[in-house]
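K.L.:
return a 3D structure for these sequence lines:
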Amino acid sequence: MKKSGFHLTCVVRQPSKGPLGHEIKTNDLGAATDWSDTLLGQKVIIHAAARAHILRDEVADPLEEYRKINVEGTLNLARQAAKAGVRRFIFISSIGVNGNNSREPFTENDTPDPADYYAQSKWEAEQGLWSIHRETGLEVVTIRPPLVYGPNAPGNFAALVKWVEKGIPLPLGAIHNQRTFVALDNLVDLIITCIDHPLAANQVFLAGDGEDISTSDLLRQVAVAMGKPSRLVPVPSNILLLAATVLGKKAVSQRLLGSLQVDISKARNLLGWNPPLGLRDGIQRCFSENKDV
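P.N.:
The predicted structure is shown next:
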């Protein structure tokens, strides 16, 4: 990973185990949060916080709850950033803005098609940021990553790792889809590139490792990296999809069975960026003893 030499201020809810820079604790990210002290002297904001990874949402209006943090909280921060003289706002959005499944690799020019509340809130935040850009001149860079994996990664990747670790037989041995993932190191490297690259201003970029893999092969590589056997039973995908639909798990099954490919050629061609870590090495890094970043 390239060395940046930037002074980093991290806004956190809990102190990190290994501080990367000056840390400021906050308990809130909403429409009324006061960021004035935090923004003093800052030139670039990297905004990665969001309401996410909520599998069983029991609130009365889930979309409204996503909007409070992912839309209103984001735009409040961006407006205050512009007023404080921040030059660039890097927003970590989601490939879900494009959609949950693709027939052809997604590009930045595709019509957005968010399929869930989280992705919808991210898309609304993107639109709000462009309005702030037009009103204030604040430079906006939007990055839409697919599933991010790395050491101790949460969400869907953590679930896959847990299945392999427990040695549970999985009926996924006959899945021949193609999905793009992005190693945490690669996403961070793209973000660093976007901090001061003049051509990144006011652009949308899709992130990825630059190579695709099926769910079956991903599980096999995870098993190899963990030193565990991969217990994959070959069950046809149409049978799995039918069973998941009957059980009310169609959305989950689509993430496992469907294809979601991402074209990262814009970042390559415009920024000269290439993922420094290959997919196999990225997965191996998740379970290696030396995880220095």
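K.L.:
can you show me the strands along the protein?
P.N.:
9-12, 22-25, 44-47, 88-92, 139-144, 148-149, 179-180, 182-183, 203-206, 212-213 (DSSP state E).
K.L.:
just the C-alpha atoms of the third one, please, in PDB.
P.N.:
I take that to be strand 44-47. The C-alpha trace of strand 44-47 is given here as PDB (Å, rounded to 0.1, in the frame of the first residue of the first chain):
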ATOM      1  CA  VAL A  44     -10.500  16.500   2.900                       C
ATOM      2  CA  ILE A  45     -13.300  14.400   4.500                       C
ATOM      3  CA  ILE A  46     -13.500  10.600   3.900                       C
ATOM      4  CA  HIS A  47     -17.000   9.700   5.000                       C
END
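K.L.:
identify all contacting residues around it.
P.N.:
Applying CB atoms under 8 Å, 6 or more residues apart in numbering, the external contacts of strand 44-47 come out as 6, 39, 74, 77-78, 81, 86-92, 191, 195-196. C-beta: built from backbone N, CA, C; applies to glycine.
K.L.:
repeat that for the fifth one.
P.N.:
For strand 139-144, the surrounding residues in contact (CB under 8 Å, 6+ apart) are 78, 87-95, 97-98, 126, 129-130, 132-133, 187, 190-191, 194, 200-207.
K.L.:
make it 6 Å
P.N.:
88-95, 97, 126, 129, 133, 194, 200-202, 204-207 (CB atoms under 6 Å, 6 or more residues apart in numbering).
K.L.:
buried members of the contacts of strand 44-47 into ChimeraX, please.
P.N.:
Applied in ChimeraX, the following selects the buried portion of these according to 16 or more other CB atoms under 10 Å:
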select :39,74,77,78,81,86,88,89,90,91,92,191
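K.L.:
distance of the closest residue to residue 124 other than its chain neighbours from residue 172?
P.N.:
Computed as CB to CB, 6 or more residues apart in numbering, the closest residue to residue 124 that is not its neighbour in sequence is residue 71, at 4.8 Å. Distance of residue 71 to residue 172, computed by CB to CB, to the nearest Å: 35 Å.
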